[in-house]
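Peer 1: My questions are about this predicted structure, shown below with the sequence.
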Amino acid sequence: MHEDTSLTVGRVKRVLTERVVPAIHSERVPLEIAAHQLPGEPIAPTEGLALEFEPFSAGSMWGPAWGTTWFRLRGEVPAEWAGKKVEALIDLGFDVNMTGFQCEALAYRPDGTPVKSLNPRNQWLPVDAEAGQAVEFYLEGASNPVLLDYHPFLPTQEGDIKTSSPEPLYRVRHMDLAVFESEVFELSLDLDVLLELQAELPETSPRRMRILQALDDALDVLDLQHIVETAPDARAQLAEVLAAPAEASAHQIAAIGHAHIDSAWLWPVRETVRKVARTTSSMTTLIEEQPQFKYGMSSAQQYAWMKEHRPEVYERIKAAVAEGKFLPLGGMWVESDTVMPTGESLVRQFSHGQRFFEREFGIRSKGVWLPDSFGYSPALPQLMRRAGFEWFFTQKISWNQRNVFPHHSFLWEGIDGSRMFTHFPPMDTYNSQLSGMEVAKASRQFKENRVATRSIAPVGWGDGGGGTTREMTGKAARLADLEGSAKVEWKHPDEFFDEAKAELTDPAVWVGELYLELHRGTLTSQHATKALHRWAEQSLIEAELWAATAAVRKGVEYPFEEFDRLWQIVLLHEFHDILPGTSIAWVHREAVEVLSGVLADAEKLSADARQTLAGEGDRVLQFTPTSVGEGVALGAVEADAEGEMASLTERPDGFLLENDLVAVTVSAQGLITSAIDKATGRETIPAGKPANLFQLHQDFPNMWDAWDIDRYYKNRVDDLTQVTDISASIIDGAATVLVKREFSESRITQTIVLRPGSRTVMLLNDVDWHETEKLLKLAFPLDIFARETLAETQFGFQRRVTHVNTSWEAAKFETSMHRFVLAQEDDGFGAALVNDSIYGYDTSREVDGDDVTTTLRLSLLRAPRFPDPDTDHGHHEIEVGFVIGADAAIATAEGIRLNAPSTLVRGADEVEPLVSITGDGLVVSSVKLAEDRSGDVIVRVYEALGRRASGELTVGFPHSGIREVSLIEDDLDDARTGGALSLRPFEVRTLRIVRA
């Protein structure tokens, strides 16, 4: 035979798109349209249904950016349509390539019952009326602007309602009633599935040839002028090739309906509430129509929004959950970033998420579902296990720029040795359409094909919502058992993971962080959001301590509801497009406002509790909120009177700052040219390479502006050595140098402080930042041969080598830290940088003759222009500490002290701590009352130095026992009891102290 493949393929594509799909709706009549454009923010649906409406016609413009327009549609099903299935077809001005990123609507019946959403890939509504009966719908239309357009990443002012244009954005194309031709719809899916399948088969395989012939045969009997009448005949020609069963060894895909609705991103939080309502309405409708379909949604916050704001939608969700068709996933409050939040925040993500799911639905999630976060902390495996989870799912590491991750199903080992069964979908997407390409890719590139047979596929339009469509469920039905394809089955992820673990008896192990070789700028963008989040976290942890102490010592009521409210705000803002700084200006403007409020409320809770504990008096009491601080850890004693002073000597070339531990030279340019540890006599700064050097880089990545730092940024750098003013003095016993710099459009006022008895030089940076596409670094060349750095993460630290032997190390040219990063020689001498609001740093090691130096550079500020064109512009306060002669214990303690300083309070009574701890390396992370409101005290302890540690937890109040519980305070089988502690490296232990 002659080869006609391309002719057949071209024929099918054109007939499908130009004849079959348009014939799915055969007859149409227009609906009567009326509209009401709201002048401000959205209103409740009950109010929208009661609005006064004005006549509106198809072809008219509607909707300014971020606006809401309510439409009323009325009509009557024509008598001649008796016995036919009828739908409403709505086109609000849709672009099918912008699903979730442009206008959308949620349809309601006149009685306020939600129907489903309308979006570019879901433009129909079911019509229950019979022929001759009236039809009436109300649409809550959202005119969200397209920000990530065909030419993406262009700066725009449309990302904030305060700066967006008032001009209408969209033109209604039609709002009609139409006859739905089921056989034509099914034919379209038959053709689509087979067309996509044949494209993935070997070029001359018999199966592909049979499919191509069947497609030709089908189109031969399809009358293009009578599609409806001849569609059954065309389908009959395809029946045999669609009935051929899959091979016995075919890959098995567990499909789960999915929408991955970003809790904020290119839309504000208030719009996410509506996106969730729209998507879940569509999914509950699809569940009702498709008995095999299962839909999964993570994020307890999104369910809570529906309960609060859209109860009519929430009732449908609860009913579908009860049927086992709508599946709460992930066990977290939101799909958070996992790199930057504290360990306590991640614990609260799990506890608030699981508590909500259990309270509302009577279930707990068995796995953690984080498909889109920007890298994953090596502390996570232990935290997941200790919170009771059994599996972990993501796909984001498939976005790596350079290295292909070697596994899809594997064990992930964390910093403490804990392992968690993990799966990455080989489709490399969380927005699968079940296309032939995606299904074939899953089968073809599954890394465990030798020893395993299955993978997972989240199916549906995502990011901006939309979810699964009837076209996708139709494809799934055809792919359930089809020759040449993987098998597709709707399945609960728990069931998939049980089967995957059962068949993969000896999985590979990946040790350490799941570093994303992309989006490195998310550690720095939107500093104000990051700083306020860090401060709010710590303020809540401290407030819990003092509130618990006041409850036990003074009988004061513990403010459970207030802590829940404040924590849930913080947890929301840990979402992986808020805390990383990658949302529109509106989101970050609100984040700053809301987190500032959390900080103020948490500080008031602490202040009230401290004053209650201290009583009325004139003694100056020092309250220490940590187990490593000065004074009495976790309690309060009378503050010591001021005594020692650091010394300050002015020299021709600068200033010498000195105390009993260190001697530091600051040059006339405000640079640190010498830092000597007096105990060892070691010089920390290499000759001719000053530290405390601000460096300004051009920062214009190839794409993803707020997300990415591309490695070529280092090729252009300006050292900011010029000063406009420098002066020095002794202030409150501390040697202090004030340095002022101006550059480009910005200014930095830096206060260099050395206090008596401290080996840490504090660098208090007040920055007025107005740059464009620039990156500000603070560099510290060190006379230290460091083979690795130690960077704090949750409940410990991670080690990263300083060489770039392989492409894996070379890709980590910007990495994460929490409160400290340490460079240390093999003999134990080192230097650390501690901070109050920084997460990104880079490391390099240089050799000059016989000298080996290590340079640490903190990433302070960025200035990308998308999605927020004014990212980071304005005033910032950033505290950095340069710790001379540091090891892991000193760095840990200094980082904690900087972020959780003591507070002085006037009062009468010293405060005995509720608990105290002994044992090198053991740190108390939190002290609070138990969530079950029993009055028991919860204490979390971890080993911070990466070695085995023993110690004792002493309780300072009457109690009847101590026992270990899970991270989320569940009882454990065979729980360890008593105050004697023996922890493995980086182990986290949660203890319940039962009050007598």
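Peer 2: That came in fine, so what should we check first?
Peer 1: which residues sit in contact with the residue most central in space within the chain?
Peer 2: In the chain, the residue lying closest to the centroid (CA atoms, centre = their mean) is His576, at 2.0 Å. Counting by CB atoms under 8 Å, 6 or more residues apart in numbering, His576 makes contact with 262, 335-337, 370, 372-374. The way it works is simple: take the backbone N, C-alpha and C, and place the C-beta from them, glycine included.
Peer 1: try Ile578
Peer 2: Neighbouring residues of Ile578 by CB under 8 Å, 6+ apart: 263-264, 529, 572, 587-588, 591.
Peer 1: hmm, try it at 6 Å
Peer 2: Contacts for Ile578 (CB atoms under 6 Å, 6 or more residues apart in numbering) come out as 264, 591.
Peer 1: what about it, which helix or strand?
Peer 2: Using DSSP states H and E, Ile578 sits in no helix or strand.
Peer 1: Thr46 now?
Peer 2: Using DSSP H and E, Thr46 maps to helix 45-49.
Peer 1: Tell me the helices and strands packed up against the following helix or strand past that helix.
Peer 2: Where DSSP H and E defines the elements, the next helix or strand beyond helix 45-49 is strand 54-56. Applying 3 or more CB pairs under 6 Å, 6 or more residues apart in numbering; DSSP states H and E, we find strand 54-56 packed against strand 32-37.
Peer 1: Show me the shaky parts of the chain.
Peer 2: Within the chain, no range satisfies pLDDT under 70.
Peer 1: how about the helix holding Thr46: buried residues?
Peer 2: 45, 48-49 (16 or more other CB atoms under 10 Å).
Peer 1: Check stretch 92-109 too.
Peer 2: By neighbour count on 16+ other CB under 10 Å, the buried set for stretch 92-109 is 92-94, 98-108.
Peer 1: quick one: the helix holding Thr46 to chain centroid distance?
Peer 2: When distances are taken as CA atoms, centre = their mean, to the nearest Å, helix 45-49 is centred 33 Å away from the chain's centroid.
Peer 1: Tell me which helix or strand Ala600 sits in.
Peer 2: When elements are assigned from DSSP H and E, Ala600 belongs to helix 585-614.
Peer 1: thinking again about what came up before, save the buried residues of stretch 92-109 as TSV, and put in secondary structure and distance to Phe153 too.
Peer 2: Putting these into TSV (DSSP: H, G, I helix; E, B strand; the rest coil; distance: CB to CB, whole Å) gives the following:
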residue	secondary structure	distance to Phe153
Leu92	coil	26
Gly93	coil	23
Phe94	coil	23
Met98	helix	15
Thr99	coil	19
Gly100	coil	18
Phe101	coil	14
Gln102	coil	17
Cys103	coil	21
Glu104	strand	23
Ala105	strand	28
Leu106	strand	30
Ala107	strand	33
Tyr108	strand	36
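Peer 1: Which of those sits closest to Asp4?
Peer 2: Thr99 (35.1 Å; CB to CB).
Peer 1: Would you confirm that the closest one contacts Leu118?
Peer 2: No: in this structure Thr99 lies outside contact range of Leu118 using CB atoms under 6 Å: 11.1 Å.
Peer 1: okay, and the common contacts of the two?
Peer 2: Here Thr99 and Leu118 have no joint contacts, going by CB under 6 Å, 6+ apart.
Peer 1: ok now do the nearest residue to Arg310 once chain neighbours are set aside, which residues does it touch?
Peer 2: Nearest non-adjacent residue to Arg310, counting by CB to CB, 6 or more residues apart in numbering: Ala277, 4.4 Å away. Residues counted as contacts of Ala277 (CB under 6 Å, 6+ apart) are 106, 310, 313.
Peer 1: again with Leu983
Peer 2: Contact analysis of Leu983 by CB under 6 Å, 6+ apart lists 943, 949.
Peer 1: 8 Å instead?
Peer 2: Leu983 neighbours (CB under 8 Å, 6+ apart): 922, 941-943, 948-950, 989.
Peer 1: The contacts of His576 into CSV, with extra columns for secondary structure and neighbour count?
Peer 2: As requested, these are exported to CSV (DSSP: H, G, I helix; E, B strand; the rest coil; neighbours: other CB atoms under 10 Å):
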residue, secondary structure, neighbour count
Asp262, coil, 25
Glu335, coil, 28
Ser336, strand, 27
Asp337, coil, 27
Leu370, coil, 23
Asp372, coil, 18
Ser373, coil, 23
Phe374, coil, 25
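Peer 1: Checking the nearest residue to Val821 once chain neighbours are set aside next. Helix, strand or coil?
Peer 2: Take Val821 and drop its neighbours on the chain: the residue closest to it by CB to CB, 6+ apart is Ala791, 4.6 Å away. Using DSSP: H, G, I helix; E, B strand; the rest coil, the structure places Ala791 in strand.
Peer 1: Also Val852?
Peer 2: Going by three-state DSSP: Val852 is strand.
Peer 1: tally of neighbours for it?
Peer 2: Applying other CB atoms under 10 Å, we find 15 residues neighbouring Val852.
Peer 1: my read: it touches Phe785, true?
Peer 2: Yes: here Val852 lies in contact with Phe785, judged by CB atoms under 8 Å, at a distance of 4.2 Å.
Peer 1: Just give me the neighbour total for Pro168.
Peer 2: Pro168 has 17 nearby residues by other CB under 10 Å.
Peer 1: Can you give me the neighbour number for the closest residue to Ala602 other than its chain neighbours?
Peer 2: Among residues not flanking Ala602 along the chain, Ser539 sits closest, at 3.7 Å (CB to CB, 6+ apart). Here the number of neighbours of Ser539 (other CB under 10 Å) works out to 23.
Peer 1: Likewise for the one 5 residues further on?
Peer 2: As a burial measure, the neighbour count of Glu544 was computed by other CB under 10 Å and equals 25.
Peer 1: Would you confirm that it belongs to a helix?
Peer 2: Yes: checked against three-state DSSP, Glu544 lies within a helix.
Peer 1: Begin at 56 from now on, thanks
Peer 2: Will do, 56 is the new start, and the previous item becomes Glu599.
Peer 1: mind checking which helix or strand the nearest residue to it once chain neighbours are set aside is in?
Peer 2: In this structure, Glu599 finds its nearest non-sequential neighbour in Lys983, 4.0 Å apart by CB to CB, 6+ apart. In this structure, Lys983 sits in strand 977-984 according to DSSP H and E.
Peer 1: Please name the strands paired to the next helix or strand after that strand in the sheet, noting orientation.
Peer 2: Downstream of strand 977-984, the first helix or strand assigned by DSSP H and E is strand 992-998. Note on strand 992-998: by DSSP bridges, its sheet partners are strand 977-984 (antiparallel), strand 1043-1050 (antiparallel).
Peer 1: Relative to Thr728, which of those strands is closest?
Peer 2: Across these, Thr728 has its closest neighbour in strand 977-984 (34.7 Å, CB to CB).
Peer 1: Pro210: how many residues sit nearby?
Peer 2: 14.
Peer 1: just checking, it touches Pro919?
Peer 2: No: judged on CB under 8 Å, Pro210 makes no contact with Pro919 at a distance of 9.2 Å.
Peer 1: follow-up on the earlier one: for the strand holding Lys983, which outside residues touch it?
Peer 2: Contact partners of strand 977-984, identified using CB under 8 Å, 6+ apart, comprise 398-399, 596, 599-600, 602-604, 606, 613, 615, 681-683, 688-689, 850, 947, 951, 969-970, 972, 990-999, 1004, 1006, 1036, 1038, 1043.
Peer 1: Mind giving me the packing neighbours of the host helix or strand of Val792?
Peer 2: Using DSSP H and E, Val792 falls within strand 789-798. Strand 789-798 sits against strand 702-706, strand 709-713, strand 780-786, strand 801-809, with contacts defined as 3 or more CB pairs under 8 Å, 6 or more residues apart in numbering; DSSP states H and E.
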